[in-house]
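*Asks:* Coordinates for the following, if possible.
(one chain, ligands or ions: 1)
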Amino acid sequence: MNYNNLNIKFDGSLAILKINRPKALNALNKETLTELEIAVDDLNNNKEIKAVIISGEGKKAFVAGADISEMKDMNVKKAKEFSLLGHRVFNKIEESNKIFIAAVNGYALGGGCELALACDLRIAAETAKFGQPEINLGIIPGFGGTQRLAKIVGKPQALELVLTAENIDAQKAVELKLVNRVVETDQLISEAKSLAQTIAQKSAPIISLAKEAVNFALEHPAAEGSKYEANLFSSCFSTLDQEEGMQAFLEKRKAEFKNE
Ligand code: CO8
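*Replies:* Model (predicted):
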């Protein structure tokens with residue numbers, strides 16, 4: 001599939017997806033979000049792929065937000081449709097059986113920060129900047145930012161970002177646990193690939209169960225989480241990879257997972 005606003009490259013069991021509107025700092029217009037949904041659906045159905053790196057083309061921006069020129073004349077109905085499109089696409093990333101890693105190469109503002117938040121792991125270049133500047137435009141975050149940000153950094157820090165519209169740098173983002181780590185800017189993609197490859201060596205069904213279990217924790221009380229984990233944990237024992245993983249340990253060799 002040829003996309004107007006996305007570049008996708010494959011490297012073994014990894015996919016590297018870049019938002020490609022550098023002249024508009026990779027702002028998410030409807031066409032880009034629609035293409036992103038098709039791409040995420042395709043990747044989710046691709047049995048060869050275990051991890052997806054999302055980044056932005058160009059040196060300046062990961063994604064500088066939803067496209068303001070497109071949003072400017074929206075009415076309430078159109079704004080809701082646009083917001084729900086973003087929610088649908090970002091939920092598909094969050095609920096995917098693949099691991100999504102945001103490699104944040106510059107501005108991750110508004111919808112761009114929200115896209116990074118929907119990913120499972122976030123690596124930031126030293127030059128990355130994060131923020132939720134929507135309030136300066138007379139709106140609030142609308143692609144899941146108020147919800148995911150509060151869960152990830154906690155209410156006071158989320159509210160400070162959303163109410164002040166101030167950008168934070170990569171170092172501050174690490175302190176807030178908004179990103180997993182900061183790396184040198186020219187090492188960003190190689191570091192993201194290295195992390196993705198470490199994960200991709202594990203068993204696909206077990207990666208997926210691990211993600212599902214941790215995601216569940218953010219949405220449910222501890223007692224429900226324990227039961228859910230016990231169910232997912234026991235289902236590992238219906239896989240060939242659990243047999244192989246334990247057998248390999250006892251035989252003092254590296255496991256050769258079959259992803260089954
Ligand atoms: N939308 C559209 N165009 C953009 C956007 C954007 N979000 N960001 C940058 N651009 C465009 C600029 O208009 C400019 O275009 P042109 O060259 O044609 O004038 C080009 O990209 C380069 O940008 P700048 O000249 O502004 O570059 P600077 O280096 O001076 O500044 C900034 C970089 C600080 C990133 C600046 O561009 C900026 O502040 N951008 C807007 C950031 C922002 O407010 N983002 C939040 C948008 S709202 C949002 O994301 C809501 C999400 C939920 C939506 C829910 C649906 C209803």
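*Asks:* tell me the contacts of residue 116?
*Replies:* By CB atoms under 8 Å, 6 or more residues apart in numbering, the contact list for residue 116 reads 54, 62, 102, 104, 108, 122, 130, 179. (Each C-beta comes from the backbone N, C-alpha and C, glycine too.)
*Asks:* what's the closest non-adjacent residue to it?
*Replies:* Spatial nearest neighbour of residue 116, excluding adjacent residues (CB to CB, 6 or more residues apart in numbering): residue 102 at 3.9 Å.
*Asks:* Is that neighbour in a helix, a strand, or coil?
*Replies:* With DSSP: H, G, I helix; E, B strand; the rest coil as the basis, residue 102 sits in strand.
*Asks:* re the thing from before, so which of the contacts of residue 116 belong to strands?
*Replies:* By the criterion of DSSP state E, membership of the contacts of residue 116 in strands covers 54, 62, 102, 104, 108, 122, 130.
*Asks:* where's stretch 208-216 relative to the chain centroid, distance-wise?
*Replies:* Computed by CA atoms, centre = their mean, to the nearest Å, the chain-centroid distance of stretch 208-216 equals 14 Å.
*Asks:* What are the boundaries of the strands in this protein?
*Replies:* 6-11, 14-19, 51-56, 61-63, 99-104, 107-109, 121-125, 129-131, 168-169, 181-183.
*Asks:* The last one pairs with which strands, parallel or anti?
*Replies:* Using DSSP bridges, strand 181-183 pairs in its sheet with strand 121-125 (parallel).
*Asks:* Mark out where each domain of the protein begins and ends.
*Replies:* Using automatic domain parsing, the domain ranges for the chain come out as 6-200, 204-250.
*Asks:* mind checking which of the ones you listed is nearest the ligand?
*Replies:* For those, the distance to the ligand is smallest for domain 6-200, at 2.4 Å, taking CB to the nearest ligand atom.
*Asks:* Distance from the chain centre to the closest one, please.
*Replies:* 6 Å.
*Asks:* List of residues touching stretch 239-248?
*Replies:* In contact with stretch 239-248 (CB under 8 Å, 6+ apart) are residues 203, 205-206, 236, 254-260.
*Asks:* Mind putting these into JSON lines with distance to residue 23?
*Replies:* Converted to JSON lines, these look like this (distance: CB to CB, whole Å):
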{"residue": "203", "distance to residue 23": "42"}
{"residue": "205", "distance to residue 23": "41"}
{"residue": "206", "distance to residue 23": "42"}
{"residue": "236", "distance to residue 23": "47"}
{"residue": "254", "distance to residue 23": "47"}
{"residue": "255", "distance to residue 23": "47"}
{"residue": "256", "distance to residue 23": "46"}
{"residue": "257", "distance to residue 23": "43"}
{"residue": "258", "distance to residue 23": "45"}
{"residue": "259", "distance to residue 23": "40"}
{"residue": "260", "distance to residue 23": "45"}
